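Student: Fold the following, please.
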Amino acid sequence: MFASRHSSGAPMVPPLALSVLLLSAAACCASAGGAGPADARDRRQDSARSRPEGPRISISAALGSSLPGPGKAGVDAAAPPPLTEERSGPAFTEAFSAGFDFFLSASYAFAPAARIEAELEYASLNGKSRDEGYLGTLEYSDFEGLFAGIGVRFSAPLSVEPGKWFTTDASPRTSGFEPYLRLAVGLCYLDRVELESVGGYWKASVVFFAEACIGIEFGLGPLGLFAEAAARYVSEPVEAVWFAEADQMAVFPIRAGVRIYF
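Tutor: Numbering: from 1, shown residues only. Take a look at the predicted model:
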């Protein structure tokens, strides 16, 4: 009887002890398998918290007015008398008055204080009536232009330390006021300008422009309310009649609008 019980030669393990060993091994495997992913998640969250959070893309829309600046709508100095004797070239402000301005832009932040920006703008000036010598009182038609340009906007994000303004991290939104400077260059399509009873004075032209703009923005979460003023140089259009001689000119847009951040 004893010989038959131990004939296999293998030690017997009580069932209760075997269950305890299996449960302990399972618990150890479960704890070892869960520690790696949890630690990795914690490291990712800590890394994300260490980076400044904020949107990189913004879209802006604004309305305002364009004001005429220095420059002459001029007459050709080589024109024979009586044109050069009875007529003087009108200043830009004598031929045009303040008009309408509509502005759109999109920007991408490559640093907390710097964004590259594309802009599209429609601007107009209202034509004035003027005494043109022996031609009598004539009226200039409206001055209209469609501007497309690219530039860069530098701001002072007050929520970021100045030493980190030009890092490569995303730009955090600033609550409160944030001043900025924008510089842009591009091309402008100037529509035809006419003189009453004379016809075309300037031809429709594609010209160069450059501008500098200063503004201030008030941040409200994903929204920004801003106001700005710009000084714009516009190269001279093409003359349509032999006595026209338009100079390069300056225009001063003033506008206010809203900016949305994504």
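
Student: For Glu117, name its beta-bridge partners.
Tutor: On the basis of DSSP bridges, Glu117 is bridged to Ser107, Gly151.

Student: Next, count neighbours for it.
Tutor: Other residues within reach of Glu117, judged by other Cβ atoms under 10 Å, total 18. Just so you know, the C-beta spots here come from the backbone N, C-alpha and C atoms, and that holds for glycine as well.

Student: That one: what's it in contact with?
Tutor: Glu117 sits next to Ser105, Ala106, Ser107, Tyr108, Ile150, Gly151, Val152, Arg153, Arg182, Ala184 when contact means Cβ atoms under 8 Å, 6 or more residues apart in numbering.

Student: Same question for Val206.
Tutor: Shown in contact with Val206 (Cβ under 8 Å, 6+ apart): Leu187, Cys188, Tyr189, Leu190.

Student: And Arg259, by the same measure?
Tutor: Ser58, Ile59, Ser60, Glu217, Leu223, Gly224, Leu225, Phe226.

Student: In which helix or strand does it reside?
Tutor: strand 249-261 (DSSP states H and E).

Student: what do you get for Glu94?
Tutor: Assigned by DSSP H and E, Glu94 falls in helix 92-95.

Student: Ala61 too?
Tutor: Per DSSP H and E: Ala61 is located in strand 57-68.

Student: out of the contacts of Val206, which are buried?
Tutor: Using 16 or more other Cβ atoms under 10 Å as the burial test, those include Cys188, Leu190 as buried.

Student: Out of the contacts of Val206, show me where the pLDDT dips lowest.
Tutor: Among the contacts of Val206, Leu190 has the lowest pLDDT, at 91.

Student: rewinding a little: any chance of the contacts of Arg259 in CSV, plus pLDDT?
Tutor: What follows is the contacts of Arg259, written out as CSV (pLDDT from 0 to 100):
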residue, pLDDT
Ser58, 94
Ile59, 96
Ser60, 97
Glu217, 94
Leu223, 92
Gly224, 93
Leu225, 96
Phe226, 97
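
Student: Mind putting these into JSON lines with neighbour count?
Tutor: Formatted as JSON lines, these follow (neighbours: other Cβ atoms under 10 Å):
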{"residue": "Ser58", "neighbour count": "21"}
{"residue": "Ile59", "neighbour count": "13"}
{"residue": "Ser60", "neighbour count": "22"}
{"residue": "Glu217", "neighbour count": "22"}
{"residue": "Leu223", "neighbour count": "13"}
{"residue": "Gly224", "neighbour count": "19"}
{"residue": "Leu225", "neighbour count": "13"}
{"residue": "Phe226", "neighbour count": "18"}
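
Student: Just the CA atoms of the helix or strand encompassing Ala210, as PDB, please.
Tutor: In the assignment (DSSP H and E), Ala210 maps to strand 205-220. Once non-C-alpha atoms are left out, strand 205-220 reads as follows in PDB (Å, rounded to 0.1, in the frame of the first residue of the first chain):
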ATOM      1  CA  SER A 205      -2.300  99.000 -63.000                       C
ATOM      2  CA  VAL A 206      -0.500  96.400 -60.900                       C
ATOM      3  CA  VAL A 207       1.900  98.200 -58.600                       C
ATOM      4  CA  PHE A 208       4.200  97.500 -55.600                       C
ATOM      5  CA  PHE A 209       3.300  98.400 -52.100                       C
ATOM      6  CA  ALA A 210       5.100  98.200 -48.700                       C
ATOM      7  CA  GLU A 211       3.600  99.100 -45.300                       C
ATOM      8  CA  ALA A 212       4.400  99.300 -41.600                       C
ATOM      9  CA  CYS A 213       1.600  98.900 -39.000                       C
ATOM     10  CA  ILE A 214       1.400  99.400 -35.300                       C
ATOM     11  CA  GLY A 215      -1.500  98.100 -33.200                       C
ATOM     12  CA  ILE A 216      -2.700  96.800 -29.900                       C
ATOM     13  CA  GLU A 217      -4.800  93.800 -29.200                       C
ATOM     14  CA  PHE A 218      -6.900  92.800 -26.200                       C
ATOM     15  CA  GLY A 219      -7.000  89.000 -25.600                       C
ATOM     16  CA  LEU A 220     -10.200  87.300 -24.600                       C
END
